[in-house]
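[1] Quick one, fold the following:
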Amino acid sequence: MAFLGAVLALVGCRAPGDGSAPAAASTADPPAGSPLPGKPDAHAFAFDTPRELVTRDGAYVVTWQPTEDSIPINDHFEVDVTLARNDERRAPVTGADVIMTCYMPDHGHGMLREPRSEELGDGRYRVRGFLLHMDGFWTVSISLVVDGVASTADDELRL
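    Here you go, the predicted model:
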């Protein structure tokens, strides 16, 4: 009798249909990342469109995107940032200090590394040393210091 109960319990757990397919994921679930070759604990999430933000004070336009077409989880990556004045000319901002950080408010922690930026010229900067060690909800802050005055742009990621 115990054997029959176990068989019925297993049959009851199958998805509708032929029983071989798993139940479909909820549309509310975040998209699954793609595994990175040779790194079983690392995944990459597609990121194919640059993000354009305006700083809190409205003074600058900040555009950012990873240097690759994805953001890896638990693997290093770099980000390209472009700074421009938020006016009709959109003049590039040179000589800025760029600080980019990520924080997981649901977990109460940030990244395990502190990225560093390098100016490439013509308002372009490369931020190196990112490592988002887990998937989930991240806030992104891009702070820039221009002529001694700080401005910050905010973004969010759900990986």
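[2] pLDDT wise, what is the closest residue to R128 other than its chain neighbours at?
    Nearest residue to R128 in three dimensions, chain neighbours excluded: E78, at 4.9 Å (Cβ to Cβ, 6 or more residues apart in numbering). Bear in mind the C-beta positions are built from the backbone N, C-alpha and C, glycine included. Per-residue pLDDT puts E78 at 97.
[3] And for L159?
    86.
[4] With adjacent residues omitted, what lies nearest to it?
    D135 (4.4 Å).
[5] before we move on, back to that, hang on, the residue nearest to R128 in a helix?
    No: looking at E78 with DSSP: H, G, I helix; E, B strand; the rest coil, it is strand, so not inside a helix.
[6] Distance of it relative to R89?
    28 Å (Cβ to Cβ, to the nearest Å).
[7] ok so, going back, surely the residue nearest to L159 and A44 touch.
    No: using Cβ atoms under 8 Å, D135 is not in contact with A44; the gap is 10.6 Å.
[8] Over to the residue nearest to L159: give its phi and psi.
    phi -80, psi 160 (degrees, to the nearest 10).
[9] Please work out how many residues are found near it.
    Applying other Cβ atoms under 10 Å, we find 19 residues neighbouring D135.
[10] Relative to M104, how far out is it?
    10 Å.
[11] Would you mind pulling up the elements that the helix or strand harbouring L157 packs against?
    Per DSSP states H and E, L157 falls inside strand 149-158. Counting contacts by 3 or more Cβ pairs under 8 Å, 6 or more residues apart in numbering; DSSP states H and E, strand 149-158 packs against strand 51-54, strand 60-66, strand 137-146.
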